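1. how would this look folded up:
(one chain, ligands or ions: 1)
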Amino acid sequence: MSGGDKLDFEIRPNPSPVAAVERAALLANPGFGRVFTDHMVTIRYADGKGWYDARVGAREPIPMDPATAVLHYAQEIFEGMKAYHAADGGVTLFRPDANAARFAQSARRMAMAQLPEPVFLDSLRHLIEIDREWVPTSDGGSLYLRPFMFASEVFLGVRPAREYLYVLIASPVGSYFAGGVKPVSVWVSPHYTRAAPGGTGEAKCGGNYAASLVAQAEAMEHDCDQVVFLDAVQRRYVDELGGMNVFFCYDDGTIVTPPLTGAILPGITRDSVMTLARQAGREVIERPVSFDDWREDAASGRLREVFACGTAAVITPIGTVRFPDGEFSIAGGEPGEITMSLRQTLVDIQHGRGEDTNGWVHRLR
Ligand SMILES: *Cc1c(COP(=O)(O)O)cnc(C)c1O
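-> Okay, the predicted model is just below:
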């Protein structure tokens, strides 16, 4: 069957998986994005044929012709999500349907074939099923899932490709903040923007990251952990970090985040934080925040806390803001109360310790 909402996956277990002892050693200290599981999922697409050849097999290199379209014109998208070990021995995912929907939206923006959402979800189930021993049971650990898709057609002409390869790999990761939550410092880049109106800012594509790396390097040169991007038109308003959305907490109790203008990635953590904050009785407002206001409100004390959020680090306090003419800190550079309480609520739901009133947690087995 091809092109439909259901595909049969051919399952070929890895004939030489990592030995249990070695796996345990790797899981003891996986870091981020360096350790990988034994398997991967691949699904092919061709115009006129639809989606076909869905497989779960040994994780292995992808042979590629040098004229493969993605290597030249960067038609590529990805997702990032985590599978958690539940207290009762099961495995859970957090809002996987939202990742599936966003993956399809990203594909649309990049003129790529859209993987049916049920097939995306099935691919996750299959990989976790076969690699379930790789889901960390350690406190704060998770199995990071990386679905991605690229133009696999061998063709140098400039047009949307007619063939795509969808791949899913997985990587066990430890707690992002192993030694406790530490506020990050951010660099306000005077030179670079990340995404412009009408561009690809709201698509989760590798190209956005490629465009952001020179600014990330600049941030590191200035001793900052991350870069914060201002809008590309006026260079005044805060868009987001290189890979995280941003929130501002004020002394009147309101929480503000920049609106989704098309240049900002619609984070699932962002959406979850807005929902949880509202359910906790807080007023959440989507409105532009200028860098000047950020600086003035931090100085006056009106701005109490600022944090960034995304799947990898969940919620990260922003302690220091540096720019070419100086720097300032928020809340003395310490993690704030609202930040930490939202973080705890979200992490507890994700790890199955908190009550999931929104039906966000999907149990796999
Ligand atoms: C993935 C991503 C985020 C965070 O999205 P989540 O769904 O919360 O993980 C934010 N900004 C950018 C640019 C991203 O790529």
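
2. Just list the residues touching the residue in the stretch 101-250 of the chain that the ligand sits nearest to, thanks.
-> Taking Cβ to the nearest ligand atom as the measure, the stretch 101-250 of the chain has G243 as its residue closest to the ligand, at 4.5 Å. For glycine as for every other residue, the C-beta is placed from the backbone atoms N, C-alpha and C. By Cβ atoms under 8 Å, 6 or more residues apart in numbering, the residues touching G243 are Y209, S212, L265, G310, A312.

3. Now with 7 Å, please.
-> Counting by Cβ atoms under 7 Å, 6 or more residues apart in numbering, G243 makes contact with G310.

4. Pull out the buried positions in stretch 144-161.
-> Using 16 or more other Cβ atoms under 10 Å as the test for burial, stretch 144-161 gives Y144, L145, R146, P147, F148, M149, F150, A151, S152, E153, F155, A161.

5. ok so, going back, assign the residue of the stretch 101-250 of the chain closest to the ligand to helix, strand or coil.
-> For G243, the assignment made with DSSP: H, G, I helix; E, B strand; the rest coil gives coil.

6. ok, now G57?
-> State at G57, reduced to three classes by three-state DSSP: strand.

7. The residue nearest to it when sequence neighbours are not counted and the ligand, how far apart?
-> Nearest non-adjacent residue to G57, counting by Cβ to Cβ, 6 or more residues apart in numbering: R12, 4.6 Å away. R12 sits 31 Å away from the ligand, going by Cβ to the nearest ligand atom, to the nearest Å.

8. Quick check: pLDDT value at the closest residue to S142 other than its chain neighbours.
-> Using Cβ to Cβ, 6+ apart and skipping the chain neighbours, the partner closest in space to S142 is K82 (4.0 Å). We have a pLDDT of 97 for K82.

9. Surely K82 forms part of a helix?
-> No. Counting by three-state DSSP, one finds K82 to be strand, located in no helix.

10. And it, how far from the ligand?
-> From K82 to the ligand the distance is 9 Å (Cβ to the nearest ligand atom).

11. ok, how many other residues are close to that residue?
-> Residues near K82, counting by other Cβ atoms under 10 Å, number 21.

12. wait, it sits on G141?
-> No. Counting by Cβ atoms under 7 Å, G141 is not a contact partner of K82; they are 9.4 Å apart.

13. Would you mind measuring from the nearest residue to F94 once chain neighbours are set aside to L276?
-> Sequence neighbours aside, Q350 is the residue nearest to F94 in space, at 4.9 Å (criterion: Cβ to Cβ, 6+ apart). Distance, Q350 to L276, by Cβ to Cβ, to the nearest Å: 11 Å.

14. More neighbours: which of those two?
-> The neighbour comparison of Q350 against L276 (other Cβ under 10 Å) goes to Q350, with 23 against 20.

15. How about the residues of the stretch 251-365 of the chain by the ligand?
-> By Cβ under 6 Å from any ligand atom, the residues of the stretch 251-365 of the chain that approach the ligand are L265, G267, I268, T269, R270, G310, T311.

16. Repeat the analysis, applying 8 Å as the threshold.
-> By Cβ under 8 Å from any ligand atom, the residues of the stretch 251-365 of the chain that approach the ligand are 264-272, 309-312.

17. now, which of these sits nearest T254?
-> Comparing those against T254 with Cβ to Cβ places R270 closest, at 16.1 Å.

18. So that closest one is in contact with V246, correct?
-> No. When contacts are counted by Cβ under 7 Å, R270 is not listed as touching V246 (8.7 Å).
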